[in-house]
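Asks: Build the 3D model from these lines:
(chains A, B, C and D)
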2 protein chains.
Amino acid sequence: MLTPSNASSNSIFSLMPRQPLPIRDQASACREGCAAFDRIVSISGFIVSYPRGVEIFGENEPAEYLYKVVSGAVCTYKILNDGRRQISGFYLPGEFFGLQYSGEYEFSAEAIRDAKSLVIKKSALMAAARGDAAVSHGLLLLTALELGRVQNRVLLLAKSAQERVVGFLLEMAARSPSGRSLQLPMLRQDIADYLGLTIETVSRTLKSLKKLAVIDVSTRHIVIRDRSSLSQLNG
Amino acid sequence: MLTPSNASSNSIFSLMPRQPLPIRDQASACREGCAAFDRIVSISGFIVSYPRGVEIFGENEPAEYLYKVVSGAVCTYKILNDGRRQISGFYLPGEFFGLQYSGEYEFSAEAIRDAKSLVIKKSALMAAARGDAAVSHGLLLLTALELGRVQNRVLLLAKSAQERVVGFLLEMAARSPSGRSLQLPMLRQDIADYLGLTIETVSRTLKSLKKLAVIDVSTRHIVIRDRSSLSQLNG
DNA sequence: CGATGCGTTGATAACTTTCAAATTTAGTGG
DNA sequence: CCACTAAATTTGAAAGTTATCAACGCATCG
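Replies: Reported below is the predicted structural model:
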């Protein structure tokens, strides 16, 4: 009942992989399982460029569009009452954002590097979905993957500073083409706001991981030297 | 396009309320929006009793069943490598759990009070879903509500101990029949494992909130005396 | 070459955990 | 219903972790 072979069923259960997918597979799962979805997205979407630092959409705006990163990098975030910024996700090329569970965006989105996005009007997607179950399946798969990501983040945030940073590095590594060499598109401040830490703590933690010889650190680039030790430090 | 009036569309977007629903509305949203779903659940489900402390299902077991709490209380959790327990959610009467995004449960579930659950075989639900769009809509609504909950928890866990406890109280209050008087079905240890704190910190934080005259505290019962102050402390 | 933004480093303060009781609560058998 | 026991919660003191504040270094860019 819950096997991939049943993927044409109308139920959400059948859309889910048997094993939780590693994050790196978001793009590929969608490619393999939802070719029709991707085709619609490519046809009905248009490319928009966002210079670094520009807001792509704001919290509480009507959620009219779905976005797929083509190049660069994007984050979604929320500003809390006291002015702190909580980043809820980073999105790299091939990944989707703007998939909100209500009629209005729950978060704001901003380009953290100069970025290009494929922008798809949700109403167009929905029209396509009525005639093509693969499209609605694609949307559901994205939603389920997002849920899995967020659940992982809950586990991450319950831990110590070192475990958070390690978890972040492993997550980024899983999404990188090369699993060992990470180009970090975001600033230290972005990492801090993602992990609920300060930039100083992020900086010091990276340094201590370097001292332990599990990673090499430069400003925008991390090399994982000892992955098994890193995984052990993940708790 | 994204209005509630469009709820019969095949797209997940149309299933979502315009505004994020407060948590208390999980049960009622399902009642109102998914009468057919609830009917199927009631018909095809059976009642099982679980004494307090009993495991209902375990992480990595095949996710064959969906559960709806009838009485008592349940939590889902994960044991981390170092033995810590991270509780991922509490479920009160009327709420669903066991809705996993993969073919196997991501978490374990346990009765934190003597509990009765309606147990529904997912394969039966899926069969019903093929003939009745309302059923698959119901599943999707549950999934989307779960996503919203988890997103709120991410925001919670990035904050200070006091803000976490306050957020927890506000969340529980929103789910209680009376919004001001909370019966807590869980132990302090459960609250601590939910918030990523120690029981001592939870205890001290509750005491300090009592000192601030925003709540009254007894072992299993909280009364919110000053809701607006409490909300302000939520960050 | 100064200005600016970003990252690192150091010292101190604030917060949270840890460890070790003491106290209260809940359950059980008399 | 009371006494006893085990479990749960609270409290206190000390240790550990992270944040805050301040300064410095290091690039990039006009």
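Asks: For the rest of this, base every contact and every neighbour count on C-alpha atoms.
Replies: OK.
Asks: quick check: longest helix of chain A.
Replies: When chain A is parsed with DSSP state H, its longest helix is helix A:133-157.
Asks: how far out from the middle of the chain is stretch A:211-227?
Replies: Here stretch A:211-227 is found 22 Å from its chain centre; the criterion is CA atoms, centre = their mean, to the nearest Å.
Asks: Now tell me which helix or strand of chain A has the poorest mean pLDDT.
Replies: Within chain A, confidence by mean pLDDT, DSSP states H and E is lowest for helix A:25-33 among all helices and strands, at a mean of 52.
Asks: next SSE after that helix?
Replies: helix A:35-44 (DSSP states H and E).
Asks: and that next one, what does it pack onto?
Replies: helix A:25-33, strand A:115-121, helix A:122-131, helix A:133-157 (3 or more CA pairs under 8 Å, 6 or more residues apart in numbering or on different chains; DSSP states H and E).
Asks: now the helices: where do they sit in chain A?
Replies: So, for chain A - with DSSP H - the helices run A:25-33, A:35-44, A:122-131, A:133-157, A:161-175, A:188-195, A:199-211, A:227-232.
Asks: can you list these in a markdown table and add mean neighbour count?
Replies: Formatted as a markdown table, the helices of chain A follow (neighbours: other CA atoms under 10 Å in any protein chain shown):
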| stretch | mean neighbour count |
| --- | --- |
| helix A:25-33 | 16 |
| helix A:35-44 | 17 |
| helix A:122-131 | 18 |
| helix A:133-157 | 22 |
| helix A:161-175 | 21 |
| helix A:188-195 | 21 |
| helix A:199-211 | 16 |
| helix A:227-232 | 15 |
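Asks: Relative to DNA strand D, tell me which of these wins on proximity.
Replies: helix A:161-175 (3.6 Å; CA to the nearest atom of the strand).
Asks: between the closest one and helix A:133-157, how many degrees?
Replies: Put simply, helix A:161-175 runs at 150 degrees to helix A:133-157, going by axes from the mean of the first three to the mean of the last three CA atoms, to 10 degrees.
Asks: List of residues touching helix A:161-175?
Replies: A:22-25, A:156-157, A:179-182, A:195, A:197, A:201-202, A:205-206, A:230-231, A:233-235 (CA atoms under 8 Å, 6 or more residues apart in numbering or on different chains).
Asks: Could you report the pLDDT at A:G179?
Replies: A:G179 is assigned 81 on the pLDDT scale.
Asks: show me what contacts it?
Replies: A:G179 neighbours (CA under 8 Å, 6+ apart): A:A173.
Asks: what's the spacing between it and A:A173?
Replies: From A:G179 across to A:A173, the span is 5 Å (CA to CA, to the nearest Å).
Asks: that older thread, out of the helices and strands packed on helix A:35-44, nearest to DNA strand C?
Replies: Closest to DNA strand C of the helices and strands packed on helix A:35-44, according to CA to the nearest atom of the strand: helix A:133-157, at 11.4 Å.
Asks: Could you show which parts of chain A are in contact with DNA strand D?
Replies: A:160-162, A:196-198, A:200-201 (CA under 7 Å from any atom of the strand).
Asks: Can you add distance to B:I222 and give the helices and strands packed on helix A:35-44 back as TSV?
Replies: Output for these, formatted as TSV (distance: least, CA to CA, whole Å):
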stretch	distance to B:I222
helix A:25-33	43
strand A:115-121	46
helix A:122-131	44
helix A:133-157	26
